[in-house]
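# Give me the fold of what follows.
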Amino acid sequence: MAAPLLLRTLPLLRHRFRLVPNSHRLFLINGSTARLPFCSGAVEPTAADGDNKSPSLRQIFSSVTTQRLDDPDFRKWKDQEAEILDDIEPIICLAKEILHSDRYMDGERLLPKDEKAVIDNLLAHHPHSEDKIGCGLDSIMVDRHPQFRQSRCLFVVRTDGGWIDFSYQKCLRAYIRDKYPSYAERFIREHFKRSSS
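As a prediction, the model looks like this:
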């Protein structure tokens with residue numbers, strides 16, 4: 001019973017509101033109040049309802065939404081976000097297809113076409129690509145991670161026979177930081193699960 005209540009109040013916590021049990025009011029953390037409408041057709045409170053001059057939730061959230069859509073910086077961010085997504089989508093799709101489909105078995109080397117795409121568009125941007133390649137690059141393969149056996153990842157196979165894993169997400173983060181420095185951190189924060197570099 002406590003879980004559904006917690007799930008209903010999480011969005012309120014994010015907006016710094018506190019739900020008071022057995023009450024039809026929300027309280028902002030700083031102490032001002034706002035009336036909670038029971039439905040979208042609820043009548044807005046008037047001055048006759050009391051001396052409470054705080055805005056309703058509808059007024060608060062509609063003004064925030066309108067401000068964001070009218071804000072040229074927000075519009076610029078959305079345009080740049082779309083450009084970044086268009087830029088990285090093909091290589092993300094290829095990496096996910098390689099890792100999550102039955103196209104390649106564990107321990108199998110990539111086909112030359114896929115290998116070239118991975119090397120040019122991913123490995124070249126890895127923050128430690130020189131360390132990963134080491135004495136020389138023989139091929140790229142897909143296999144299970146040695147520590148996390150449920151996880152498949154890409155591996156650099158070196159000319160001396162050794163192999164080491166690399167994260168395609170680290171490669172993408174580095175590429176985005178290099179090509180789109182003004183918007184990189186925001187994009188990474190909003191579109192990647194972890195923000196490790």
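# hey, let's count contacts and neighbours off CA atoms from now on
Fine.
# Spell out the secondary structure type for Val156.
Secondary structure state of Val156, per DSSP: H, G, I helix; E, B strand; the rest coil, is strand.
# which residue ranges form the strands in this structure?
Using DSSP state E, the strands of the chain run over residues 17-19, 25-28, 33-35, 108-109, 137-144, 152-158, 163-166.
# low-confidence ranges in this structure?
Regions of the chain meeting the criterion pLDDT under 70 cover residues 1-69, 194-197.
# Which strands and helices lie in contact with the longest helix that it contains?
The longest helix of the chain (DSSP state H) is helix 72-100. Under the contact criterion of 3 or more CA pairs under 8 Å, 6 or more residues apart in numbering; DSSP states H and E, helix 72-100 touches helix 112-121, strand 152-158, helix 168-179.
# neighbours around Glu185, how many?
Glu185 has 15 neighbouring residues, counting by other CA atoms under 10 Å.
# ok, now Pro146?
Count around Pro146 with other CA under 10 Å applied: 12.
# picking up where we left off before, most neighbours per residue, which of the helices and strands packed on helix 72-100?
Ranked by mean neighbour count under mean count of other CA atoms under 10 Å, those are led by strand 152-158, which reaches a mean of 22.
# does Ser167 really touch Cys153, like I thought?
Yes. Under the criterion of CA atoms under 8 Å, Ser167 makes contact with Cys153 at 7.2 Å.
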